[in-house]
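Engineer: what's the 3D shape of this:
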Amino acid sequence: MATGWNPTIEQFPSLPSTNTLAGERAAAGAPTGLTLVADFQTAGRGRLDRSWEAPPRASLLCSVLLRPTLPPSLLHLATIAMALAARAAVFDVTGVTPELKWPNDVLLGGRKFGGILAEAHLSAPGGPPDSIAVVVGIGINLTFDGPPEANATSLRASTGKEIDRDLLLKALLDALGPRQALLNTVEGRAALLREYREALSTIGQLVAVHLHSGIQQGEAVGVNDDGALLVTIDGVDIAFSVGDVMHLRPAILEADEGRQ
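Structural biologist: Sure, this is the predicted structure:
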């Protein structure tokens, strides 16, 4: 593990949300590395407050408290650190390398088996000077493929292997240690983004970016130095720092254009 990275793990049979409790612990001054793990979540959620409920112990459900020193505008890079750690951990445990989809999904065979939700707590005390508390939650499907409409998968379904949850958690925290440390410097953040660009399956894809204001379609061509997705739309590169992204096959894009 990274020097100074000594996660403290607390396990619970059931919680409403590991992110919520970790946020409360952050407000009470809990240190970097606090890791909360639940067998079952009664109020688990993803991006845009979508609910997600898996059977007990069918997933790795955990939240890790980080206290990086970086500008508030770059706090979303904590999501990238966790995504890369999840990719490395799954490879370490299964020998299979997942794909990453911007901004917060982990895939195998193009189907999601892991999702990340990071939440900042700007007024939480504790941590190094100028640091900001960020709770990074992750859910990894071990044996639960998700509801049919999700078109998701699990590690068991995609790799044919039974995965020990505690072994995967250890691998995840081992991989997260050095990557969360990179958040604290300009050079480190650049290194993190280099690794992310190499791992990101979204680049080169036709995508639909779902925003509150509507849907934008184009080709994902890169990630800028702030971690925003660059999408070429009508010949212009536009940076998106938020939004849900759907990878589009050309046939889907053509069908959508035909309905306009």
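
Engineer: got the CA coordinates for stretch 7-16 in CSV?
Structural biologist: Provided in CSV are the C-alpha atoms of stretch 7-16 (Å, rounded to 0.1, in the frame of the first residue of the first chain):
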residue,chain,number,x,y,z
PRO,A,7,-7.5,2.0,5.7
THR,A,8,-9.7,1.1,8.6
ILE,A,9,-12.5,-1.2,7.6
GLU,A,10,-15.9,-1.4,9.4
GLN,A,11,-18.4,-4.0,8.2
PHE,A,12,-22.1,-4.0,8.7
PRO,A,13,-24.9,-6.5,7.9
SER,A,14,-27.1,-3.7,6.6
LEU,A,15,-27.0,0.0,6.2
PRO,A,16,-29.3,2.5,4.4
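
Engineer: would you mind measuring from Y196 to L60?
Structural biologist: Note on Y196: its distance to L60, by CB to CB, to the nearest Å, is 21 Å. Every C-beta, even on glycine, is put in place using the N, C-alpha and C of the backbone.

Engineer: T143 now?
Structural biologist: 11 Å.

Engineer: neighbour count: those two, which is higher?
Structural biologist: Set T143 next to L60 and count neighbours by other CB atoms under 10 Å: L60 wins out with 23 against 16.

Engineer: which element is that one on?
Structural biologist: strand 59-66 (DSSP states H and E).

Engineer: helix or strand right after that strand?
Structural biologist: The helix or strand immediately downstream of strand 59-66 is helix 77-94, counting by DSSP H and E.

Engineer: what's that next one packed up against?
Structural biologist: For helix 77-94, the elements it packs on are strand 59-66, strand 99-101, strand 105-108, strand 111-121, strand 133-141, helix 155-159, helix 165-182, helix 186-199, judged by 3 or more CB pairs under 8 Å, 6 or more residues apart in numbering; DSSP states H and E.

Engineer: and the longest one with strand 59-66, angle?
Structural biologist: What it means is helix 165-182. 30 degrees (axes from the mean of the first three to the mean of the last three CA atoms, to 10 degrees).
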